[in-house]
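Trainee: pasting the structure only:
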């Protein structure tokens with residue numbers, strides 16, 4: 001139980017960091033887009049690197065947003081089990097689905113890494129001095145983090161299987177009747 005509590009506290013701290021990163025990224029995107037609009041509409045100029053950077057930033061915002069949604073358990077899920085199964089069985093199903101999701105995210109992280117390697121080998125150029133293949137590196141990174149997050153949620157759900165044990169039968173009172 002103590003280990004699960006530590007994992008939950010670590011997850012809460014990670015969630016706080018994610019929120020700061022997402023907020024800063026979203027704010028930076030809004031400021032850059034607004035600056036680009038003002039420059040184009042009032043000064044007939046613009047920053048040539050703004051559009052490509054905003055495109056790449058949207059990928060990062062989307063990926064880290066998915067990570068944050070999963071951390072808060074607000075991701076898309078089909079959860080019929082918790083409504084029809086007893087708590088222990090529902091926790092077991094939750095552990096199994098989290099384990100499956102962890103495995104799937106690990107496979108996607110590996111596929112994402114292969115994509116990044118292909119991009120690197122194509123030498124697509126640079127954006128603000130940063131090689132363009134660096135930007136999609138967020139894909140395998142976030143899928144690896146998602147795999148880790150789902151693995152942690154598997155541990156927490158499995159602990160719930162142990163905690164959700166059925167209550168003990170009431171002890172018999174003298175005279176053979178069950179105690180209230």
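Mentor: Noted; the coordinates are in hand. On a predicted model such as this, the values are computed, not experimentally measured, just so you know. Residues are numbered from 1 along each chain as shown.

Trainee: quick check: residue 157 touching residue 89?
Mentor: No: if you go by Cβ atoms under 8 Å, residue 157 and residue 89 don't touch, sitting 11.6 Å apart. C-betas here are computed from N, CA, C, even on glycine.

Trainee: which parts of this protein are strands?
Mentor: Using DSSP state E, the strands found in the chain span residues 126-127, 130-131.

Trainee: any idea how far the most centrally placed residue in the chain lies from residue 45?
Mentor: By Cα atoms, centre = their mean, the chain has its centre lying nearest to residue 67, at 2.1 Å. Distance, residue 67 to residue 45, by Cβ to Cβ, to the nearest Å: 36 Å.

Trainee: what sits against residue 39?
Mentor: Residue 39 makes contact with 45-47 under the criterion Cβ atoms under 8 Å, 6 or more residues apart in numbering.

Trainee: scratch that, residue 103
Mentor: residue 147.

Trainee: now swap in the one 5 residues further on and tell me
Mentor: The contact partners of residue 108, taken as Cβ under 8 Å, 6+ apart, are 140, 143.

Trainee: does residue 126 touch residue 132 like I think?
Mentor: Yes: judged on Cβ under 8 Å, residue 126 makes contact with residue 132 at a distance of 6.3 Å.

Trainee: neighbour count winner among those two?
Mentor: More neighbours surround residue 132 than the other of residue 126 and residue 132, with 16 against 12 (other Cβ atoms under 10 Å).

Trainee: how near is the more buried one to residue 124?
Mentor: Using Cβ to Cβ, residue 132 is found at 4 Å from residue 124.

Trainee: residue 42 now?
Mentor: Taking Cβ to Cβ, one finds residue 42 at 33 Å from residue 124.

Trainee: perfect, that will be all.
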